[in-house]
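S.K.: I would like to see how this sequence folds:
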Amino acid sequence: MILADFAVADQLGKLQVVGGGLQVINRDHSKGTTAAFALVVSLTFPPEVFQEQYSFEVVLEETNGAPVELGPAQAGQAANVIRFAQTLTVEEPNLSRSGVPRRALPAKSQVVLFFNTGLPLPSGRVLVWRAKLDGESRDTWTLPFFVPAPPTGPVLG
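M.R.: This is a model prediction of the structure:
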C-alpha cells in the first residue's frame, strides 16, 4: 500500500502516481477535512489462484485495531466507519502478444481509492489503513499515517 497526492490506474493496470509515499496527510482545520489524497493497494497473485474469487476490503483503523468512527452514527444505523469492500476475481494476465508464456507471471491488480475532497479524519494521532482478503489480514498489509493537529496559537504576554 502507498499513500499519494494523486493516483490512477488505467485499464491495463498501469499505475500513475503523483506525490507517492505520503506519511502525513495535512488537514484543513477550518473545513475539518484532510487534503485530497489517494490510497493505492497493489495486489499480486500467483498462477495457482487464477480465476479464484476473494472478498477484498480496506478499513481505516486506530493503532489498536478498532475501526475509526467518524462521529456518532444515527439511531438505528450502522457505525460511521470508513470501509471499502468488493469481490475480486484473480484474472490471468493476457501477455501472449509480448511472447510471455501462459502462467509465467503473477496476476497484478491495482485498487486506487482517491479522496478528492479529503476525509473528516481525526487529527493529532496515527491512523492505519488495513487490507483484508476473505476477512484475513497480515501486519504487512497495513499502512500507518499521521494527521496533524491544528498548530498552537502564539503566546502573548
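
S.K.: so the closest residue to residue 91 other than its chain neighbours bridges to which residues?
M.R.: Nearest residue to residue 91, sequence neighbours excluded (Cβ to Cβ, 6 or more residues apart in numbering): residue 107, at 6.0 Å. C-beta here means a position set from N, CA and C on the backbone, and glycine is covered the same way. Note on residue 107: beta-bridge partners by DSSP bridges are residue 45.

S.K.: excluding chain neighbours, give the residue nearest to residue 100 in space.
M.R.: residue 93 (8.0 Å).

S.K.: element containing the one you found?
M.R.: Counting by DSSP states H and E, there is no helix or strand that carries residue 93.

S.K.: you'd agree it is up against residue 107?
M.R.: Yes - taking contacts as Cβ atoms under 8 Å, residue 93 lies within contact range of residue 107: 5.6 Å.

S.K.: now residue 49: phi and psi?
M.R.: The phi/psi pair for residue 49 (degrees, to the nearest 10) reads phi -110, psi 10.

S.K.: which ones are touching it?
M.R.: 90, 107 (Cβ atoms under 8 Å, 6 or more residues apart in numbering).

S.K.: again, but for residue 39
M.R.: For residue 39, the contacting residues are 1, 2, 3, 58, 112, 113, 115, 129, 143, by Cβ under 8 Å, 6+ apart.

S.K.: quick one: the last one from residue 151, how far?
M.R.: Summarising the geometry, the distance separating residue 143 from residue 151, computed by Cβ to Cβ, to the nearest Å, is 25 Å.

S.K.: who touches stretch 65-74?
M.R.: With Cβ under 8 Å, 6+ apart as the criterion, stretch 65-74 contacts 59-62, 79-83, 119-122, 127, 130.

S.K.: at 10 Å what do you get?
M.R.: Outside stretch 65-74, the residues within contact range by Cβ atoms under 10 Å, 6 or more residues apart in numbering are 59-62, 79-83, 119-122, 125, 127-128, 130, 137, 142.

S.K.: export it as CSV, just CAs?
M.R.: Taking C-alpha atoms only, stretch 65-74 is exported to CSV below (Å, rounded to 0.1, in the frame of the first residue of the first chain):
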residue,chain,number,x,y,z
GLY,A,65,-7.1,-2.3,15.5
ALA,A,66,-10.5,-0.7,16.2
PRO,A,67,-12.3,0.9,13.2
VAL,A,68,-12.1,4.7,13.2
GLU,A,69,-15.5,6.1,13.8
LEU,A,70,-16.2,9.5,12.1
GLY,A,71,-18.7,10.9,14.6
PRO,A,72,-21.7,9.1,16.2
ALA,A,73,-23.9,7.0,14.0
GLN,A,74,-27.6,7.9,13.6
